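Colleague: sequence and computational prediction follow.
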Amino acid sequence: MALSCLLPGRLGESKLRAESIQAPGAGITVTFIDVAKESGLTIPNVWGGRDSQKWIVEVKGSGLGLFDYDNDGWLDIYSSNGIRFEETYTPETAPVSQLYKNNRDGTFTDVTARAGVGRTGWGTGVAIGDFDNDGWDDLFCTYWGHNILYHNNGDGTFTDVTRKAGMYEERVRWGSGSTFLDYDRDGFLDLYVGNFIDLDTSKVKTPGEPGGCFWRGAPVVCGPLGLPAGTNILYHNNGDGTFTDVSRKSGILMPGPHYTITPVSYDFDNDGWPDIYVAVDSMGSMLFHNNHDGTFEEIGLVAGCAYNEYARAQAGMGLGIGDYNADGWLDIFKTHFQDDSHVLFQNNGDGSFTDMTSFAGLAELTQYVGWGAGFMDYDNDSWTDIFFVTGHVYPGFKKNNEDTFRSPRVVLRNQGNGKFQDVSAQMGPAISQRYSSRGSAYGDYDNDGDIDVLVLNMNDLPSLLRDEGGNRNNWIKVKLIGTKCNRTAIGTRVRVVTGNHSQIDEVHSGGSVMSQSDLRLHFGLGDAKVVDVIEVKWPTTQATETFEKIEAGQILTIKEGAGIIKREKIPTR
């Protein structure tokens, strides 16, 4: 059993602390509206067989991203794409990944061809970071095949620099999620890359073949159990546009192969150094503690976040990281397979975590397979909520006489006392509509002061879920620019204080399921019209800059060492 479950009094102390938190005020009515089609997102995802599959790559799906590739202050969209085994393509008919430019009027334009990012293949994951500190965020895409590092040229185009950067491998690997981080705090972004399975389809049984695999008595695709797990990679940024594979030297290979789906990097123990948490399918998840000397130690079991409270491995897929109980320590929400609870790990503030799933009211959310997830304050009441998307991997199965291959989204409202309320049924048709979804990304694409959600739907159009009503509460948004630290400011922590309530968040790369959310940090403020204090702690120098009495309803741009260099005022409600 995980160590944190055995510490005397720890669970009771965690419950007491959660119950003592001041509850938020009455909720504001919020709904979500799917505006994908009218926004110009009209190209469907292609991923394996539509109604049946032979191999596990066809069911796992992929991610997408919200990021500002042209530095105009508006979020653009990158969406990965796949292919089908049974179809033959020409250059004109082959599906490709897409890049959409935000037109700043609620619509998007497909700029894939001009940007040079339209690749065909099994594109799985997305991570964003300015690896060469030139002021333009770059794009890293994982594949079943060969990963690609795209350099942002600053003119609306990208260049594939994978070989030049030293990241190309001749071998075929199944890349999954990835995350940029500056693990040695030298001011240059390094990169952790997850790999799922070493898949050789010629050696795997297909459904119905003798010796094939079954689920609930029916033949299904095989894996991940029984197939060779992948090994992950840590690339060190050399500061000259190239990277060195330091996987073995850094210690991240010590735990051996794992079925990695989504890694994230945050400072989980508040020691000023970025750690790495990895959601792993069908095995214990991993927490790599940064030793401050270029090496990591895997402590997931000891820290109590490798397994659930019953010491059972889960199908770890999606990750949301946030301080849900406003105690100054980052917690973990992780999605899982059908008939298993999605887990909420509370950070105990001493290097360990406690599984608070049951206490938080989440234990009965077992009906659907969960994928992309995020902590996001959808109603801006200053308590971060949980949003996740769902979708089965096997068509044709039912639970409680309900087809669960295509299933709804889930919204969990933070009640401010350590517990969450499932409010999905109140959130409108965009939440109740059914898809087999995978990646999700979170950000304010229309800059109106509330958080919207972008969703990748398997073999269907994407969903762009516009938040309607969240901005009736007040908010503040912070875009950070590093100078001594990495230009994207990944790893920078922001603390926002209103009265006796404080919130924290960190600029981060990757997350959800193999996806990238807005790099700007968004804080709901409830009815507070002024932020008493904003503290920004920069990762390389660990210097803190403080800003006081900041009016709500603004998008602030803060540059390291220069303070607030831009204010975009949007009227408060």
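Modeller: Nice, thanks for sending it over. Numbering: from 1, shown residues only.

Colleague: nearest spatial neighbour of Val264, chain-adjacent residues omitted?
Modeller: Gly511 (4.8 Å; C-beta to C-beta, 6 or more residues apart in numbering). Any C-beta I mention is one placed from the backbone N, CA and C, and that applies to glycine too.

Colleague: try Ala363
Modeller: Ser341 (4.9 Å).

Colleague: same question for Glu545.
Modeller: Glu545 sits nearest to Val536 (C-beta to C-beta, 6+ apart), 4.8 Å away.

Colleague: before we move on, the earlier item: what sits against the residue nearest to Ala363?
Modeller: 308, 357-358, 362-366 (C-beta atoms under 8 Å, 6 or more residues apart in numbering).

Colleague: among these, the buried ones, what's the ChimeraX command?
Modeller: One line in ChimeraX is enough to select the buried ones among the contacts of Ser341; burial here means 16 or more other C-beta atoms under 10 Å:
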select :308,357,362,365,366
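
Colleague: between the contacts of Ser341, which sits nearest Lys101?
Modeller: Leu365 (36.7 Å; C-beta to C-beta).

Colleague: right, and the closest one touches Gln421 too?
Modeller: No: using C-beta atoms under 8 Å as the test, Leu365 is too far from Gln421 to be in contact (11.5 Å).

Colleague: what segments of this protein are helices?
Modeller: Assigned by DSSP state H, the chain shows helices spanning 10-19, 36-39, 57-60, 112-115, 162-165, 247-250, 300-303, 429-432.

Colleague: okay, now Tyr310: neighbour count?
Modeller: 11 (other C-beta atoms under 10 Å).

Colleague: okay, which residue of the protein is out on the far edge from center?
Modeller: Among the C-alpha atoms of the chain, the one most distant from their mean position (C-alpha atoms, centre = their mean) is that of Pro210, at 38.3 Å.

Colleague: tell me the confidence at that residue?
Modeller: At Pro210, the pLDDT value in this model is 94.

Colleague: please name the residues that touch it.
Modeller: Counted by C-beta under 8 Å, 6+ apart, Pro210 has zero contacts.

Colleague: quick check: it vs Pro219, distance?
Modeller: 11 Å (C-beta to C-beta, to the nearest Å).

Colleague: just the endpoints, please. Distance across stretch 308-322?
Modeller: 18 Å (C-alpha to C-alpha, to the nearest Å).

Colleague: and if you look at stretch 180-187?
Modeller: 12 Å.

Colleague: do you know how far the nearest residue to Asn237 once chain neighbours are set aside is from Ile321?
Modeller: Counting by C-beta to C-beta, 6+ apart, Phe188 is the residue found nearest to Asn237 once chain neighbours are left out, at 3.9 Å. For Phe188, the distance to Ile321 equals 23 Å [C-beta to C-beta].

Colleague: my guess is Thr390 meets Tyr368, correct?
Modeller: Yes: at 3.7 Å, Thr390 and Tyr368 qualify as touching, with contact defined as C-beta under 8 Å.

Colleague: where along the stretch 1-150 of the chain do the strands fall?
Modeller: Remark: strands assigned in the stretch 1-150 of the chain by DSSP state E, counting those that start in this stretch are 31-34, 64-67, 76-79, 98-102, 108-110, 122-129, 138-145, 148-152.

Colleague: closest to Asp51 out of these?
Modeller: Here strand 122-129 is closest among the strands of the stretch 1-150 of the chain (C-beta to C-beta), at 19.0 Å.

Colleague: tell me what the closest one is packed against?
Modeller: Contact analysis of strand 122-129 by 3 or more C-beta pairs under 8 Å, 6 or more residues apart in numbering; DSSP states H and E lists strand 64-67, strand 138-145, strand 173-181, strand 190-195 as its packing neighbours.

Colleague: could you dump those to TSV with mean pLDDT and distance to Leu412?
Modeller: Output for the helices and strands packed on strand 122-129, formatted as TSV (pLDDT from 0 to 100; distance: least, C-beta to C-beta, whole Å):
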stretch	mean pLDDT	distance to Leu412
strand 64-67	98	21
strand 138-145	98	29
strand 173-181	98	22
strand 190-195	98	26
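
Colleague: mind listing the strands for the stretch 251-400 of the chain?
Modeller: 260-266, 275-283, 286-290, 296-298, 314-315, 319-322, 331-334, 343-347, 353-355, 370-376, 385-390, 398-399.

Colleague: tabulate these (CSV), appending mean pLDDT.
Modeller: Listed next are the strands of the stretch 251-400 of the chain as CSV, based on pLDDT from 0 to 100:
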stretch, mean pLDDT
strand 260-266, 98
strand 275-283, 98
strand 286-290, 98
strand 296-298, 98
strand 314-315, 92
strand 319-322, 98
strand 331-334, 98
strand 343-347, 98
strand 353-355, 98
strand 370-376, 98
strand 385-390, 98
strand 398-399, 74
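
Colleague: and those as TSV, adding mean neighbour count?
Modeller: Shown next, in TSV, are the strands of the stretch 251-400 of the chain (neighbours: other C-beta atoms under 10 Å):
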stretch	mean neighbour count
strand 260-266	28
strand 275-283	25
strand 286-290	25
strand 296-298	19
strand 314-315	22
strand 319-322	26
strand 331-334	26
strand 343-347	27
strand 353-355	27
strand 370-376	28
strand 385-390	28
strand 398-399	12
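
Colleague: adding distance to Lys569, write those strands out as CSV.
Modeller: Formatted as CSV, the strands of the stretch 251-400 of the chain follow (distance: least, C-beta to C-beta, whole Å):
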stretch, distance to Lys569
strand 260-266, 30
strand 275-283, 36
strand 286-290, 39
strand 296-298, 43
strand 314-315, 45
strand 319-322, 26
strand 331-334, 32
strand 343-347, 35
strand 353-355, 40
strand 370-376, 23
strand 385-390, 26
strand 398-399, 49
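
Colleague: I'd like to know which of the ones you listed is closest to Phe131.
Modeller: Smallest distance to Phe131 across those (C-beta to C-beta): 14.3 Å, for strand 260-266.

Colleague: relative to the closest one, what are the paired strands and their orientations?
Modeller: Taking DSSP bridges as the criterion, strand 260-266 forms sheet pairs with strand 275-283 (antiparallel).

Colleague: low pLDDT regions in the stretch 151-300 of the chain?
Modeller: Filtered on pLDDT under 70, the stretch 151-300 of the chain yields no residues whatsoever.

Colleague: ok, 90 please
Modeller: 216 (pLDDT under 90).

Colleague: wait, which of the contacts of Ser341 is closest to Leu412?
Modeller: Leu362 (7.2 Å).

Colleague: do you know how far the closest residue to Gly272 other than its chain neighbours is from His292?
Modeller: Once flanking residues are discounted, Gly272 sits nearest to Gln542: 5.2 Å by C-beta to C-beta, 6+ apart. Look at Gln542 and His292: by C-beta to C-beta, they are 12 Å apart.

Colleague: cool, and Gly304?
Modeller: Distance from Gly304 to His292, by C-beta to C-beta: 22 Å.

Colleague: name the residue in the two with the higher neighbour count.
Modeller: Per other C-beta under 10 Å, whichever of Gly304 and His292 has more neighbours is Gly304, with 27 against 12.

Colleague: Gly211: neighbour count?
Modeller: Gly211, neighbours per other C-beta under 10 Å, totals 6.

Colleague: give me phi/psi at it?
Modeller: phi 80, psi 10 (degrees, to the nearest 10).

Colleague: could you do Gly561 as well?
Modeller: phi 80, psi -10.

Colleague: what residues are up against it?
Modeller: Contacts of Gly561 by C-beta under 8 Å, 6+ apart are 483-484, 545.
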